[in-house]
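J.: Dropping the sequence and predicted coords here.
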Protein chains: 2
Amino acid sequence: MKVLLLAATLLWPVTAGASEPGAHVDPVGHVALALVVILLMAKLGGEFAVRLGQPAVLGELIGGVLVGNLSIAGFSGLEWIETDPSIDMLSRIGVLILLFEVGLESTVRQMLKVGITSLLVAMIGVAAPFALGWGVGAWLLPEQGPYVHAFLGAALTATSVGITARVLKDLGRSQSNEARVILGAAVLDDVLGLVILAVVTGVITAADRGGSLSGSDVVLTLLKAIGFLVAALGLGVLFSRRLFSLTAKLRARGVLLAMGLAFCFLLSWVSGAIGLAPIVGAFAAGLILEDVHYRDFVDRGEHGLEDLIHPISYFLVPIFFVVMGMRTDLKSFLQPGVLGLAAALTVAAIIGKQACGLGVLGKGIDRLTVGLGMIPRGEVGLIFANIGLALSIGGKPIINEATFSAVIVMVIVTTMVTPPALKWSLGRVPSISGKMTYDEGAQ
Amino acid sequence: MKVLLLAATLLWPVTAGASEPGAHVDPVGHVALALVVILLMAKLGGEFAVRLGQPAVLGELIGGVLVGNLSIAGFSGLEWIETDPSIDMLSRIGVLILLFEVGLESTVRQMLKVGITSLLVAMIGVAAPFALGWGVGAWLLPEQGPYVHAFLGAALTATSVGITARVLKDLGRSQSNEARVILGAAVLDDVLGLVILAVVTGVITAADRGGSLSGSDVVLTLLKAIGFLVAALGLGVLFSRRLFSLTAKLRARGVLLAMGLAFCFLLSWVSGAIGLAPIVGAFAAGLILEDVHYRDFVDRGEHGLEDLIHPISYFLVPIFFVVMGMRTDLKSFLQPGVLGLAAALTVAAIIGKQACGLGVLGKGIDRLTVGLGMIPRGEVGLIFANIGLALSIGGKPIINEATFSAVIVMVIVTTMVTPPALKWSLGRVPSISGKMTYDEGAQ
């Protein structure tokens, strides 16, 4: 039997590049176990959320929170998942896929078409929460200085276009005027929020290096972010159609998916290499690609790109949310000030987006619905919080555990209040007869 | 500008668990770049292969060989991809997905039904190549001892059920009698080959620890491997249907895919934990799951599990083949003895499988076609070679670069000769009128 046990430890190899030098067991075994836990928690949590009429993403977060806090019940056998480098990388790839997928739901032309109303709604929807978030920080955390206040403001800006779109779809109202305004504004919001994040991060980083970010530096950062988007979108729109026409001539299996993913990863890498978040590139790649690019594929009976991305997204995206949940330390909720800060941030997040209604110019569009539709922060808020955790000045992290947890609570609450609020609000407006069901199970 | 550059290096975080402690750039940027290179090489290589009437997997390998040997042309800027831990892990997950997918194409019942003919074909198809491979080793590498000879024999045993199935499908002959025998035997072959691998690996590992594997140890290893398969298959068949009936009651999105993947990863982990290769578990999971398990999902308009796995497989599986190709050092082909060993192994691999025809008992089944259909070694041969690279006795690897390269050449050649040989052989037999096209592009 000893020989068998020895054999067991060596049966599967660790190659030169494996992540645990010296280990003699195939590391994929551990990752497989982590994926089992994550997938089960994601689906059980998602199911729980869906049955309560909430978006599945909320349940995935809460599922992660449960597993990540089993140590309260004395079990810490799964805590390694939170920090496993392979799971961390899979979750990062998952966010790229999510933003790519969300980008695919819109086109560059739609973004340009939504016009003045969406732009106004987006700008108010960024400015008001930013100011309110900053104010909450200055009020409740005066000792933590302007960097933290600016970061809190930034964390409140972006609407989660994924959650908004999914809620509207679940409610059967994707084609309403309100939906178009909300989705257009949410798209612009994401971009504006990411630019704000770039500026705030740049300022904090500069301070960490002992310098300060001058007004011209801010303008440069802004120009760089906008420049990347304009260049990527412009060049992408110009050349991507030709690229995919060429691609359609290839006959190997899965060419469309591989080329779509390669395009997403290429822009992610470029955007990361010039100092933006890789998700900006992934989102831009999604915006650029349109149905027309892969009509050749669909015409010959293949699935469209969105159909092909969905299964990959079902697999990888929940990893991000469950791991985010796992990294939320429930004990920090009990720290003095967390719940107060969380409540104030949540109120600021909700009120800030209600101001959006003021940006609606035309008639026949319900201002309250637009404001409510802009509330959920979802994955983008979580990404911001995660970035905040990694920023530091003089080796001291900008955002402490308590502030991080407060942002998570804000994300959870804003995500949770949206579906019932939107359902109620759209029910008030008789306009278009949409199905009022929560049929999340059907594809 | 300096501030911008500083900001660029810190804009995206490395969290506690990230794989490069101290690094300040989001590691997903590098992985994204590696994925772009891998996906492009996979599809360009695959396209090249398909246009020559070869399976795409061959082109993926060759694409990897090209990128991995750019250093011959003086460019080594992409060599880090070969050893990147995240890419390594993605390729390992890719193999799990591939074996799961291949397992899904068969059922436990089909395996039991193929009966005596398939079993005889499988056993001859394992025994003959094993003996010939051992003989080639003893003849050409007498100084390397019986462990290397045994390993070479083991590397020749397994038929690549994935490649065989895909070639038959490409030729429009999946439903012929020959196809049923080949596929049934290839499935059994995989299992027998993995058991042989377990035994050979166990013997070598025992020798490394200074002991030796006695006859009873071999029997124990065999029993353990077979025991796992019987237990997994038995319990799986008994309980999986009930499990998926329960799952079908869940309404969250992507439940079927998540549960299927969780099942695959669970058995992979168990199989790894008891000392078998994780791929054995992934394959067993695929065999256990049948269409009937997810009929509830399909009935309500969702995609079946195989449809959902395909896009994930398109994404992750080529990573394995391209990386395997990249790890092939072309320079080692020029070492004395490699080409001779490769040629002898290839001849042994082909002749060994031709003996399979002797196992065909009934009439109306073309023996030559069965023998030819068993030739390709494909991914399983590569997995064996990879395992060989990691085995060592007294710190000295069992398989050196030259022997590894010879196995790779054998895999490439056996994979390459099969499609034209099968096309010719099936054309000889008028039996069932199948479409004789290489229509790989259509799904």
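T.: Received, thanks.
J.: For the rest of this, base every contact and every neighbour count on C-alpha atoms.
T.: Noted.
J.: what about the closest residue to residue A:269 other than its chain neighbours, neighbour count?
T.: Using C-alpha to C-alpha, 6 or more residues apart in numbering or on different chains and skipping the chain neighbours, the partner closest in space to residue A:269 is residue B:29 (4.7 Å). When neighbours are counted by other C-alpha atoms under 10 Å in any protein chain shown, residue B:29 registers 25.
J.: for residue A:428, same thing?
T.: Other residues close to residue A:428 by other C-alpha under 10 Å number 11.
J.: Against residue B:189, how distant is it?
T.: 65 Å (C-alpha to C-alpha, to the nearest Å).
J.: Same question for residue A:327.
T.: Per C-alpha to C-alpha, residue A:327 is found 45 Å from residue B:189.
J.: More neighbours: which of those two?
T.: Neighbours per residue (other C-alpha under 10 Å) separate residue A:327 from residue B:189, with residue B:189 holding more: 27 against 21.
J.: Show me what from the stretch 51-200 of chain A comes close to chain B.
T.: A:51, A:56, A:82-86, A:88-89, A:92-93, A:198 (C-alpha under 8 Å from any C-alpha of the partner chain).
J.: give me that answer again for 10 Å
T.: A:51, A:55-57, A:59, A:80-93, A:96, A:197-200 (C-alpha under 10 Å from any C-alpha of the partner chain).
J.: taking the residues you listed one by one, which sit in helices?
T.: Counting by DSSP state H, the part of these found in helices is A:51, A:56-57, A:59, A:80-83, A:85-93, A:96, A:197-200.
J.: Buried only: go through these for me.
T.: Applying a neighbour-count criterion of 16 or more other C-alpha atoms under 10 Å in any protein chain shown, the buried members of these are A:51, A:56-57, A:59, A:81-83, A:85-93, A:96, A:197-200.
J.: now the helix or strand the residue nearest to residue A:269 falls within: how far from the chain's centre is it?
T.: Per DSSP states H and E: residue B:29 is located in helix B:28-51. Helix B:28-51 sits 19 Å away from the centroid of its parent chain (C-alpha atoms, centre = their mean, to the nearest Å).
J.: Check stretch A:230-240 too.
T.: Relative to the centre of its chain, stretch A:230-240 is centred 23 Å away, using C-alpha atoms, centre = their mean.
J.: Only alpha carbons, please: show that stretch as PDB.
T.: Extracted C-alpha coordinates of stretch A:230-240, given in PDB (Å, rounded to 0.1, in the frame of the first residue of the first chain):
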ATOM      1  CA  VAL A 230     -11.700  56.800 -29.700                       C
ATOM      2  CA  ALA A 231      -8.800  55.200 -31.400                       C
ATOM      3  CA  ALA A 232      -9.900  51.600 -30.600                       C
ATOM      4  CA  LEU A 233     -13.500  52.300 -31.600                       C
ATOM      5  CA  GLY A 234     -12.500  54.200 -34.700                       C
ATOM      6  CA  LEU A 235      -9.900  51.700 -36.000                       C
ATOM      7  CA  GLY A 236     -12.100  48.900 -34.800                       C
ATOM      8  CA  VAL A 237     -15.100  50.100 -36.700                       C
ATOM      9  CA  LEU A 238     -13.000  50.800 -39.800                       C
ATOM     10  CA  PHE A 239     -11.100  47.500 -39.900                       C
ATOM     11  CA  SER A 240     -13.000  44.900 -37.900                       C
END
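J.: does any bit of it sit next to chain B?
T.: No - figure legend: stretch A:230-240 not in contact with chain B (C-alpha under 10 Å from any C-alpha); closest approach 15.3 Å.
J.: which parts of that stretch are buried?
T.: Those would be A:232-233, A:236-237, A:240, for stretch A:230-240 by 16+ other C-alpha under 10 Å.
J.: Flag whichever of the residues you listed scores worst on pLDDT.
T.: Minimum pLDDT for the buried residues of stretch A:230-240 is recorded at residue A:233 (78).
J.: any idea how far residue A:93 is from that one?
T.: Distance, residue A:233 to residue A:93, using C-alpha to C-alpha: 22 Å.
J.: and residue A:148, what element?
T.: helix A:145-155.
J.: low pLDDT regions in the stretch 201-350 of chain A?
T.: Applying pLDDT under 70 to the stretch 201-350 of chain A picks out residues A:211-215, A:217-218, A:221-222, A:275-276, A:332-333, A:336.
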